[in-house]
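Colleague: what's the 3D shape of this:
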Amino acid sequence: MDGLASETDEPQREKARRAILDHAAWNHRVRGESDVQRVDRNFLELLQELRVAQTGVQILFAFLLGIAFTPRFATLSDWQHAVYLATLLCSAAAAGLLIAPVSYHRTVFRRRLKDQLVETGHQYAVAGLIMLLLSLVGGVELAASLLLGPWSALVAVAMSGLFVTFWFLVPLRHRAVHGQAGPD
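Modeller: Sure, this is the predicted structure:
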């Protein structure tokens, strides 16, 4: 069975290898940069994006931590306490995921694993953005529940739709329309 799987995977591996070589050639021809330069640039771009997201999530997390120590917190309903806890945990997860590439970098520093660092950092960043999205929606739900009561769910759904649309659907749509992978 393994031999059969290896034979059927071989054309896919060759196709992937050719795509990587084509990408490298395109990158060199259009941008005039080597693979090492491309990975370095990707790493710097990732770091800049993480700086923006980390600042926001850290402020949100600090604010959420403080809420539990206010006098009004004890008056919240069980549902609001559940939303608060879920939001706090999502913001902690977002902070952890958005900070994780730093730890990864320190762990693999000078091991010639920057390409893996960029790919893993990208995955952490996407997961962190999803957790940040949930944190923001939870925070809005919690605040709106104090003002609107049961109608706050509509606000949370609307916010979820906006974030999902602007953060993910629009870029995915552009990616689908403009097709081919370009130089990153």
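Colleague: show me where pLDDT drops low in this protein?
Modeller: Across the chain, the stretches falling below the confidence threshold (pLDDT under 70) are 1-8, 16-30, 180-184.
Colleague: which parts of the longest helix seen in it are buried?
Modeller: Looking only at the chain and at elements set by DSSP state H, the helix with the highest residue count is helix 114-148. Residues of helix 114-148 classed as buried: 114, 117-118, 120-121, 124-125, 127-142, 144-145 (neighbour count, 16 or more other CB atoms under 10 Å). Heads up, the C-betas are built off the backbone N, CA and C, glycines and all.
Colleague: State the next helix or strand along the chain beyond that helix.
Modeller: Per DSSP states H and E, the first helix or strand lying C-terminal to helix 114-148 is helix 152-164.
Colleague: Kindly provide the distance from the residue nearest the centre of the chain to Arg41.
Modeller: Against the mean C-alpha coordinate of the chain, by CA atoms, centre = their mean, the closest residue is Val126 at 1.9 Å. Separation of Val126 from Arg41 (CB to CB, to the nearest Å): 19 Å.
Colleague: same question, Thr70
Modeller: When CB to CB is applied, the distance between Thr70 and Arg41 equals 45 Å.
Colleague: the more surrounded of the two?
Modeller: In this view Thr70 and Arg41 are compared by other CB atoms under 10 Å, and Arg41 has more residues nearby, 16 against 9.
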